[in-house]
Structures are given as structure tokens and as C-alpha cells.
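> Starting from these lines, generate the structure:
(2 chains)
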Amino acid sequence: MCAASNMTAAPVCLVVGAGSAVTTTLAGPLAANGYTVALVSDQPSKPQGDKNVTPVRCNFDTRAGVDLAFDQAVARCGAPQLLVLSILPDSLMRAGCIDEVPSELWTLTLQAAALGMLHALQASHRLLQRTGGTIVLVGPALSLVGAPGLCALSTLLEAQRALAKSAARQWGRFGIRVHWIALGCAGNYEELNTTSIPAGPELGPPPPALGRVPGNRDIAPLIAFLGSSGASALTGTTLVADGGNWMVP
Amino acid sequence: MNKPLPVLKGRTAIVTGAGSGIGRGLALSLAAAGCRVVVAVRRRSTGEETTALIGAEGGKSLVVECDVTQEGDVVRAVEQGAREFGGLDIVVHNANAADSAHPLALEDVTEEIFRSQSRVAWDGAFWLARTSLPHLKKSAAGRFILLGSAFGLHGAGFNPVYAGLKGGFRGLSKALAREWGRYGITVNSIQPAAATLPTETFFNQYPAVRDAFMKNFPMGRMGRPREDIGGAVVALCSDDCSFVTAQSIQVDGGLYTAM
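Below you'll find the predicted structure:
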């Protein structure tokens, strides 16, 4: 449970995630960057020893379920200035070629995940429409270059990225800024079947330009920057935080 | 109009949503380039209008009733076309939900609205990909083309579901291109900006919006479904573009200049 004193002392961030563990592992580093964090998840597990992270269970299947969870998070931690969203079902991470995947994975799981992100964005708008604030969507960078065997995931990610841009266009007038961060896969998405993901555009298998794929401890300060007044001129951006691997576009 | 070269002579294409607008333009353009065209439509009467236009120019086509949200319909359309025309080389998924152009705030989108559009765009693409793959593998020039939208690139101030679904096509086309490259099949998406009946109707209601919008086009006009969008699709399907894959191509007269 968040300490009452923190509700006024520290800015509040809702880290919202379904499926992928990335959001869980982002919660601690964001708390270390000065945020009081509510971890709103379908499988909330509090990072050990981090008293500034409050887990809240969420059902992403309906708008009402997401609104309820967000309200619980606000009641326990205070109104947020920053929301971090990631909706990535594990089953999409290890799908297979399009002619092999079960039909349900496409017609149900993929579209439920897209709807889950839509619900999360709508609930975020409800919280921020009077105060303004920042929404950051996070996902693997693979959709920017395509990955065989991951058609459904690539479709979902690019759809979420386009939704983020539409939200940025529609909600800028409320002072709401919306961004997409594309993460390198290695180290950040252990559940992802990385065997078929193209390594990079360079000859051979060199490391990224920065020598390694950034992890959550690198990403948390980037998210904190996007939530700060220093980023007030930015919205609708895609930041590729893969250590300088693909350098797209 | 000058008669185009028959660069696709002997090939067979299926075009979804070919009963009007861009889809009809694509069907006419592919037929004029020598393709036999499976005109896949939800309402037979609109498809028959398209096949009549193709026939009047000496082209070959077949109309098949097909609700792309239904796997059985897609299977029937693909198999009937392949059977009657002796194979399938080109798949163009153009169909959109009837309500996809309605302005809507993102916060007002309901699950029903999302699903009605996603089933046409995404399920349709899925059923087409799975059903057509065996035929495209046999073709020496397999092509799979998704009709996207510039909204999928830059977001939409009034049409977020459409933008999201079309954005998804960018990811799908790149991933599928990587999957199918080993079969010699190219996969691309096209982002058109074309004048269609709904667009014209809207602009006739709001002429000031038309005037402002047209200033954004370096070419000074919107695209023509057949000549401009269809011409690009024919080029992509020709042998000259057999090494072009995984691309998201703007066919918009320079409207969106960021990529």
C-alpha cells in the first residue's frame, strides 16, 4: 500500500500491463526514478522489497473492468501524471507461421489484446482529461522490421502504435501527450520466441551500436523524461530504444 | 485512355471489396493488364457491375459473393477462382467495414464498433492469407497486397479504429513478407489517397475542407482509383517488382512525406 505521505510528495505513475512481464519489471525502476507506482495488471506481483509499488488486479476484457482497476489504483496511490501501458498476451509471443497458428489466436486473442489496449487508453483519458499528463505505450521493436512466425504480434504492435498516434492527435488539446517506446527484444522479452527474429541490418551478428540492448533500468529514466516538463513539446513519437540496432526509420 | 501493356497476362487475381471505389478501380486495372479477376463482393449486384465493366473492355472476371469475415466464404471465393481460372497469383485485400469512415473520438469507441471493423480488415486478411498460400506457392509470381491507409502511419484525429487496423497491416505485411519470401511470394501494403464516392460526398458537404485538404497534395489532386492506385498495384504485381517486398508504399500524390 502506498504511504499517504507519498501521495503528495511523489508523482504517481500507473504501470498497466497484461501478459508480458515487462511492465512488472518496469515498476521498480520507475519507483527508483521518484514515482509512486501502482502496478495495474492481470497478474500483479509486487517487486520484492519495493514499498513504493502497489499491485492492483485488472480485468482488461471490458472497459468497466479497466475503469474499476484504475479507480482502485487512484484511491490507493493518488491521481497519476504518467501511465505506462503494455498489453501483450504471452500466446502471441510464440505463435508460429500464419498458416499454422490456431484460428482462435487471430480471431480472439489478437483482437482481445487490441481491445485491451483501447480500453486502457480510454481509461487513461478519463483520468487525465482534466489535468493533462503523459501516456507511454511500450512494446518490442520487432514490428518495425517484421518477424517471421510473429504475424499476429506484429499486427498488434503496429495497431497499438497507430492508436497511440491517434490518441496523441485527439487528446493533445487536453494536455495529454502519448508516445510509443519500441524496446529491443533480447533481455526484455524472455517469453518471446526470438529464434526467428532478424538480428539486425548489419553484416554478421554485431552488437547494437551502444554495445548492448537497453533494459528496464535504462528505459525507466527515458519514460520519466517523457513524463517531465522537459518533454512538453513532444507527442505522438516513436522512440526506438534498442541500443542503435535497426535505426528505423 | 491508352490501353496498358498486358504485363499480367495469364495471371489470376482476387480483389476483395471490388464492387465499388478503390476496389473496383483495382479490379479494372488488373483486368486491363491481362489478369483474370475474381471480383469478391458482399453484394452480388455491385460485383456484377464491376464484371460488366471489365467485360466491356474485353477482360475476364468472375463475381463471387464473399463476406470476408467468414472463413467459409473466403475459402469458397479463393477455391472457385483458382478452379475456374487455373490457379491464383495475386491477392489484394481491399475490403473495409461499411462504418469504417465514420468520424469518432477514441474515447467513444465501443467494443462493437471495433469488432465490426476488425473482423473485415484483420480476419479477412487472415482467412485470405491462409487460404491463398497453397496457390501462391504454386505461382511463379505470387503477390499478396494489403490496402492500408496513411492514417495507419500518422494516426487519425477523427478515425482511430480505422487508423489502428490499417496500422496493423504495416506490421502484418512486414512479418508475412519475411515468412513467405522463401516461396518467392512478395507481400506489400499500399497507403492510397484516392477520391471515392464517400470522399466526394463528404467534400461536397464541406467544400472549405476540400480546398484546405487539396493544398496538402504536391500533385494538386487526390488519386484516381483505377489509374493511380490500380496502376501502382499492377506495377507491384509485374515481374519488374518481383524483388520488392515488405514495403509500405504511399500512393498518395506526395500527401504524406514523412517516410
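> Per-residue pLDDT of the nearest residue to A:Asn52 once chain neighbours are set aside, please?
Distance criterion C-beta to C-beta, 6 or more residues apart in numbering or on different chains; nearest residue to A:Asn52, sequence neighbours excluded, is A:Ala31 at 4.0 Å. From N, CA and C alone the C-beta is placed, and that goes for glycine too. At A:Ala31, the model reports a pLDDT of 93.
> Return the residues of the stretch 151-259 of chain B in contact with chain A.
The stretch 151-259 of chain B comes close to chain A at residues B:151-160, B:163-179, B:246, B:259, as judged by C-beta under 8 Å from any C-beta of the partner chain.
> Give me the neighbour count for the residue nearest to A:Asn52.
A:Ala31 is flanked by 23 other residues according to other C-beta atoms under 10 Å in any protein chain shown.
> which intervals of the chain have sub-threshold pLDDT?
Reading this off chain A. In the prediction, chain A carries residues with pLDDT under 70 at positions A:1-8, A:46-49, A:193, A:195.
> you looked at the wrong chain, it should be chain B
Flagging of chain B using pLDDT under 70 yields the residue ranges B:1-2, B:259.
> Name the residue closest to the centre of chain B, please.
Centroid-nearest residue in chain B: B:Asn94, 2.9 Å away (criterion: C-alpha atoms, centre = their mean).
> Quick check, it in contact with B:Ile22.
Yes - counting by C-beta atoms under 8 Å, B:Asn94 does reach B:Ile22; the two are 6.0 Å apart.
> can you tell me which residues contact B:Glu57?
Each residue near B:Glu57 by C-beta atoms under 8 Å, 6 or more residues apart in numbering or on different chains is listed here: B:Leu28, B:Ala31, B:Ala32.
> Ramachandran coordinates for it?
Main-chain dihedrals, B:Glu57, degrees, to the nearest 10: phi -100, psi 10.
> Distance check, it against A:Leu183.
Distance of B:Glu57 to A:Leu183, computed by C-beta to C-beta, to the nearest Å: 52 Å.
> before we move on, back to that, which among the residues of the stretch 151-259 of chain B next to chain A end up buried?
Neighbour-count burial (16 or more other C-beta atoms under 10 Å in any protein chain shown) is assigned, among these, to B:151-160, B:163-179, B:246.
> which residues of chain B fall in strands?
Ranges of strands within chain B are B:12-16, B:36-41, B:60-65, B:90-93, B:143-147, B:186-192, B:248-251, based on DSSP state E.
> Tell me where chain A has helices.
Shown for chain A, the helices assigned by DSSP state H span residues A:6-9, A:22-32, A:63-77, A:90-93, A:103-104, A:111-128, A:151-171, A:216-226.
> Kindly report the same for the stretch 51-200 of chain B.
Ranges of helices within the stretch 51-200 of chain B are B:71-85, B:111-118, B:124-138, B:150-154, B:160-180, B:197-205, based on DSSP state H, counting those that start in this stretch.
> Is there any residue in the third one that contacts chain A?
Yes - where contact is defined by C-beta under 8 Å from any C-beta, part of helix B:124-138 touches chain A, namely B:Phe126, B:Ala129, B:Arg130, B:Leu133.
> what's the neighbour count on the last one?
Which is B:Leu133. A count of nearby residues for B:Leu133, using other C-beta under 10 Å, gives 23.
> Contacts only, for it.
By C-beta under 8 Å, 6+ apart, the contact set of B:Leu133 is A:Ile98, A:Asp99, B:Trp180.
> before we move on, what about A:Leu150?
Contact partners of A:Leu150, counting by C-beta under 8 Å, 6+ apart, are A:Leu92, A:Met93, A:Ala95, A:Leu142, A:Asn193, A:Ser196, A:Ile197, B:Ala175.
> Thought A:Gln170 was touching A:Arg177, still the case?
No - taking contacts as C-beta under 8 Å, A:Arg177 lies outside contact range of A:Gln170: 12.0 Å.
> Show me which of the two is the more surrounded one.
The residue with more neighbours, out of A:Arg177 and A:Gln170, is A:Arg177; 25 against 22, by other C-beta under 10 Å.
> Skipping adjacent residues, who's closest to that one in space?
A:Thr235 (4.0 Å).
> Same question for B:Phe202.
Using C-beta to C-beta, 6+ apart, the closest residue to B:Phe202 is B:Val209 (7.7 Å).
> Tell me how many other residues surround B:Ser242.
If you count neighbours by other C-beta under 10 Å, B:Ser242 ends up with 15.
> For it, which residues are in contact?
By C-beta under 8 Å, 6+ apart, the neighbours of B:Ser242 are B:Ala141, B:Gly184, B:Thr186.
> From B:Lys9, how far out is it?
Counting by C-beta to C-beta, the gap from B:Ser242 to B:Lys9 is 16 Å.
> Equivalent analysis for B:Ala235, please.
B:Ala235 sits 15 Å away from B:Lys9, going by C-beta to C-beta.
> These two - which one has more neighbours?
B:Ala235 (16 against 10).
> so B:Asn96 touches B:Trp122, yeah?
No - using C-beta under 8 Å, B:Asn96 is not in contact with B:Trp122, being 11.6 Å away.
> Between those two, point out the one with more neighbours.
Higher neighbour count among B:Asn96 and B:Trp122: B:Trp122, with 27 against 23, using other C-beta under 10 Å.
> my guess is that one meets A:Thr109, correct?
No - taking contacts as C-beta under 8 Å, B:Trp122 lies outside contact range of A:Thr109: 11.8 Å.
> so what's B:Asp252 closest to, chain neighbours aside?
Of all residues not flanking B:Asp252 in the chain, B:Ala193 sits nearest, at 3.6 Å (C-beta to C-beta, 6+ apart).
> In contact with that neighbour, which residues are there?
Shown in contact with B:Ala193 (C-beta under 8 Å, 6+ apart): B:Ala150, B:Phe217, B:Met222, B:Gly223, B:Val251, B:Asp252, B:Gly253, B:Leu255, B:Tyr256.
> between the residues you listed, which is closest to chain A?
Nearest to chain A among those: B:Ala150, at 10.6 Å, using C-beta to the nearest C-beta.
> just checking, that closest one touches B:Ser248?
No - between B:Ala150 and B:Ser248 there is no contact under C-beta under 8 Å: 10.0 Å.
> Overlap of the contact sets of those two?
Contact criterion C-beta under 8 Å, 6+ apart; residues shared by B:Ala150 and B:Ser248: B:Gln191.
> As JSON lines, the contacts of A:Leu150 with distance to A:Ser86 would be great.
Below are these laid out as JSON lines (distance: C-beta to C-beta, whole Å):
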{"residue": "A:Leu92", "distance to A:Ser86": "12"}
{"residue": "A:Met93", "distance to A:Ser86": "12"}
{"residue": "A:Ala95", "distance to A:Ser86": "18"}
{"residue": "A:Leu142", "distance to A:Ser86": "14"}
{"residue": "A:Asn193", "distance to A:Ser86": "18"}
{"residue": "A:Ser196", "distance to A:Ser86": "22"}
{"residue": "A:Ile197", "distance to A:Ser86": "18"}
{"residue": "B:Ala175", "distance to A:Ser86": "19"}
